[in-house]
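Pasting the sequence and the predicted coordinates here, then a few questions.
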Amino acid sequence: MRRLVLALVPVCLFATALAAQAEIPALEVKYVRDSEEYATIARQAYRTALAAATAGARALRKGQAWGVVLDVDETALDNSAYQLERYSYARPHDERDWNSYVARREAVAVPGVVDFVAGVRRLGGRVAWITNRDETTRDDTRANLAAVGLWSDGDRLCLLDPADTSYTKGRRRAEVASGRGRCGWEGDSVRVLAYLGDQLGDFPRSGEALPGAGDDAAFGSRFFLLPNPMYGGWTRRVTRQRP
């Protein structure tokens, strides 16, 4: 009997540890929500991006239109509340749940983004939001951006078109730059001085006829990556290609 009790002790301790862990938010979500390190990294990225956009705007010829392109989720809007809910209820990502969350319009601004966008507007720059949220979320996305002080009626909100799988972020970036298509300011080509995102797909890639496309050296000068430890392709496979 004594041997049985001793054998059960490690099992009980393991079960207790699992139960305690279930009550603690996933560390990656807690990092985004609670750590000053995350907030500081985000503000640093936005300050660096604004400095680059300021220098770039001053170097342009007078009257040349310019702007910046931002992703929305985990770049401008912090959706860690949605991630926390998923963790708490042990639910996988689901588009209906996601769209219901978006409809609540409760996402807060990522640290640093409000000052960045305000600085771009003061300098005379334009703002395009390129996101893989779909068209059904347009009104809710615009309202949430407005609620945190990020939306202006002159902005472009470039959403995913479920009916057109070829309407990639690359196509939308090209439309912003050329002034042609749903995402562009019609008739005005725009020099994009800064791209901001939390996934590599938020930035011009090799094959796109845009400055810096596919160039790792563009990060820190024209491309600015925000941290996102909560989700991404890296959770399913090894994505690192460089030491």
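Perfect, thanks for sending it. Quantities reported herein were computed from a predicted structural model and do not represent experimental measurements.

just checking, what packs against the strand ranked longest in the chain?
Counting by DSSP state E, the longest strand found in the chain is strand 126-134. Using 3 or more Cβ pairs under 8 Å, 6 or more residues apart in numbering; DSSP states H and E, the elements in contact with strand 126-134 are strand 66-70, helix 113-122, helix 138-147, strand 156-160, helix 169-178. C-beta coordinates here come from the backbone N, C-alpha and C atoms, glycine included.

Relative to residue 31, which of those is closest?
Nearest to residue 31 among these is helix 113-122 (18.0 Å), distances taken as Cβ to Cβ.

hmm, who's touching that closest one?
42, 46-47, 49-50, 53-54, 67-68, 70, 75-76, 126-127, 148-150, 152, 196 (Cβ atoms under 8 Å, 6 or more residues apart in numbering).

just how off-centre is it within its chain?
On the basis of Cα atoms, centre = their mean, to the nearest Å, helix 113-122 sits 16 Å off its chain's mean C-alpha point.

same check, this time on stretch 206-221
Remark: stretch 206-221 is offset 18 Å from the chain centroid, using Cα atoms, centre = their mean.

tell me which residues of that stretch are tucked away?
Buried residues in stretch 206-221, counted by 16 or more other Cβ atoms under 10 Å: 208, 210, 212-213, 218, 221.

Of these, which pair is most distant in space?
Checking these with Cβ to Cβ, the most distant pair is 208 and 221, at 17.0 Å.

all strands for this protein, in order.
Ranges of strands in the chain, per DSSP E, are 66-70, 77-78, 108-109, 126-134, 156-160, 191-197, 223-225.

looking at those, which is buried most?
The highest mean neighbour count among those, using mean count of other Cβ atoms under 10 Å, belongs to strand 66-70: a mean of 25.

neighbouring strands for that strand, and are they parallel or not?
Within its sheet, and counting by DSSP bridges, strand 66-70 is paired with strand 126-134 (parallel), strand 191-197 (parallel).

chain center to it: distance?
For strand 66-70, the separation from the chain centroid amounts to 14 Å (computed by Cα atoms, centre = their mean).

how many degrees apart are that strand and helix 113-122 in direction?
Here the directions of strand 66-70 and helix 113-122 differ by 160 degrees (axes from the mean of the first three to the mean of the last three Cα atoms, to 10 degrees).

Could you shift the numbering so residue one becomes 238, and keep it that way?
OK, 238 is where the count begins now, so the last one is strand 303-307.

I'm done for today, thanks for sticking with me.
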